[in-house]
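Student: Sequence and predicted structure are below.
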Amino acid sequence: MTEITHAEELKYFIDVQRKGPYSLWHHQHHFKKMEGGVEMTDIVHYKNPLGFIGEIANSVFIKRQLKKIFEYRFLKVEELFGKWQEQNPSIEIK
C-alpha cells in the first residue's frame, strides 16, 4: 500500500510505501511539458529487507522485475496517449 505524500499540480507527486515488500519505497513522478507532449520521469529509491539475502534477491530477480513493471507502464501510457518522438524508455535500475 502506498500513500501520496507530496504533490504539486502539473509538476510532480511522490508516493511512499506504507505496507509492502520493501523496507523503503520512495517514488517520485515528475512531469515536464514539452512541445507536442509531456515528458515523464520516475525516480525510485527502494531498499529490500533481509540485509545480505535481500541484496542477493535484488541482484537475481527484483531489479529485473521492477524494470518489467516500468516497461509495461511505458507501453500502457503509449497505448493511451500515443507514441512520442519515436523514443524508447530509458530505464535504469541500480
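Tutor: Nice, I can see it.
Student: what residues are up against the spatially most central residue of the chain?
Tutor: The C-alpha lying nearest the average C-alpha coordinate of the chain belongs to residue 42 (CA atoms, centre = their mean; 4.8 Å). Neighbouring residues of residue 42 by CB atoms under 8 Å, 6 or more residues apart in numbering: 27, 28, 29, 30, 70. Glycine gets a C-beta too; all of them are placed from N, C-alpha and C.
Student: ok, so of these, who is nearest residue 60?
Tutor: Nearest to residue 60 among the contacts of residue 42 is residue 70, at 18.4 Å by CB to CB.
Student: Could you name the helices and strands sitting against the helix ranked longest in the chain?
Tutor: As assigned by DSSP state H, the longest helix anywhere in the chain is helix 63-81. When contacts are defined as 3 or more CB pairs under 8 Å, 6 or more residues apart in numbering; DSSP states H and E, helix 63-81 sits against strand 37-47.
Student: can you state the direction angle for the strand it packs on and helix 63-81?
Tutor: For strand 37-47 against helix 63-81, the angle by axes from the mean of the first three to the mean of the last three CA atoms, to 10 degrees is 160 degrees.
Student: low pLDDT regions in this protein?
Tutor: Within the chain, the segments meeting pLDDT under 70 span 85-89, 94.
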